[in-house]
Each structure stands twice: as C-alpha cells, then as structure tokens.
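Participant: make a model of this:
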Amino acid sequence: MPIAADPQRDMQRVSKLVIRAKQGDTNAIGELYECHRLGIFRYLYYRTGDIQVADDLTSEVFLRMIRSLSGYRQQNVAFQAWLFQIAHNLLNDHYRKMSVRNHVQLEENIMDNPPSPPSRPVEHSLNDVTLQNALEQLSDEQRDVIVMRFITGMPISDVAQALHKSEDAIKGLQRRALANLRDVLVDWEVN
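Facilitator: Okay, here's the model as predicted:
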C-alpha cells in the first residue's frame, strides 16, 4: 500500500511497520518494501541511467535494510532517510567498482578505440532521456538533491538526514542545482 498524503499519519504507519518488521513480521517488511520501492528505484535510476542496474541496486537496498533493521533507531533518523542513506552508500560502492572495472577496460582498449568528443542531445521537450542527460551535468551532490527532492518527493529534512548535511546546506545545493539545470537546458535549447 503506497504512502498516503498525510505525512504525520505516514510516519506513524511506517513506525508501526518498522516495529513489526524488527519482530520478524514478513508482511510488515513487504509493506515497507511496497511503500518505498518506487522512490528508491527512481533515485537509483536517475543516478545510474540504467533500468537493470537500478532494479538490481534497489533489490540490494532492501536486502541491506532487512539485514540492518535491528540496528535502525527511529528517534535518530526518519526511516525513508535511512533507506536513502543505504541507497546512497550502495550507489557509491557501485560507482567505485565500476571505476576500477572501467579503468582496467580503458587501459586494455585505449589503442583500439580512441575517444570521440562527447555529444549532447538537443531535445525540445523535457523527457526522461533529456532529464537524465541534464542531471549528468550536475555535481553528484546536486544530482542527489534534485532526484531525492523532485523525483522521489522527499522533504528537505529527510534529504538532509540521508546525505548527512544540514537543511540549510540542502536548500543551498537545491538552489544551485536548479540554477545549473536551468542553464544546461537553456543552453541545449539555444544550440
């Protein structure tokens, strides 16, 4: 069952589900998964640009959630923010592994395939591909904030907890990210 529109009731419902899940209630774990799966998937998809990778990482986030649930303390951080911390850390691990693989692969193929200059797609409507490409132009922190705030709909307080930053820092990152995103999209429109 998806999370409802009343944030206070949502927090209470999630809190009860977490308590039940900690006691081994598999139905509660399933409900937590259903409540948060789409938001986690969207975050990972917009960060990786690959549906299969995002799906695999989403599954891993929830496996880690199950393994770590006993250590989760509700009074320290909102559950959604805690899940996004797991997703963020998993994403960093993924990129670290990819960096090592890509570095080795690059060394093996550098002579056979000289790099070509990157090309930017010019789109006149904002679709998933355009948004994905535009997000790639932002810093990792700015991209995280935009995806968490506007694609998954997280409140600033949860984004701050997930990224271990103050709410003011998140607001500043959001402001700069939106300005940079606007500049990128305007530049693509002009070219």
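
Participant: where does pLDDT dip in the protein?
Facilitator: 1-7, 100-127, 190-191 (pLDDT under 70).

Participant: quick one: the helices in it?
Facilitator: 7-22, 26-48, 51-68, 79-109, 128-136, 140-146, 156-163, 167-190 (DSSP state H).

Participant: now tabulate these in a markdown table and tack on mean neighbour count.
Facilitator: Heads up, the C-betas are built off the backbone N, CA and C, glycines and all. Conversion of the helices of the chain to a markdown table gives the following (neighbours: other Cβ atoms under 10 Å):
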| stretch | mean neighbour count |
| --- | --- |
| helix 7-22 | 15 |
| helix 26-48 | 19 |
| helix 51-68 | 16 |
| helix 79-109 | 15 |
| helix 128-136 | 16 |
| helix 140-146 | 21 |
| helix 156-163 | 21 |
| helix 167-190 | 15 |
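
Participant: who's in contact with the nearest residue to Leu32 once chain neighbours are set aside?
Facilitator: What sits nearest to Leu32 in space, not counting adjacent residues and going by Cβ to Cβ, 6 or more residues apart in numbering, is Leu17, at 5.2 Å. By Cβ atoms under 8 Å, 6 or more residues apart in numbering, the contact list for Leu17 reads Ala28, Glu31, Leu32, Cys35.

Participant: with Leu173 instead?
Facilitator: Counting by Cβ under 8 Å, 6+ apart, Leu173 has contacts Glu141, Gln142, Val145, Lys165.

Participant: wait, the third one sits on Gln174?
Facilitator: Yes: look at Val145 against Gln174 with Cβ atoms under 8 Å: they come within range, at 5.1 Å.

Participant: how many residues are close by Gly49?
Facilitator: 15 (other Cβ atoms under 10 Å).

Participant: between the contacts of Leu17, which sits nearest Asn76?
Facilitator: For the contacts of Leu17, the closest approach to Asn76 (Cβ to Cβ) belongs to Leu32, at 17.4 Å.

Participant: for the closest one, give its distance to Leu57.
Facilitator: 17 Å (Cβ to Cβ, to the nearest Å).
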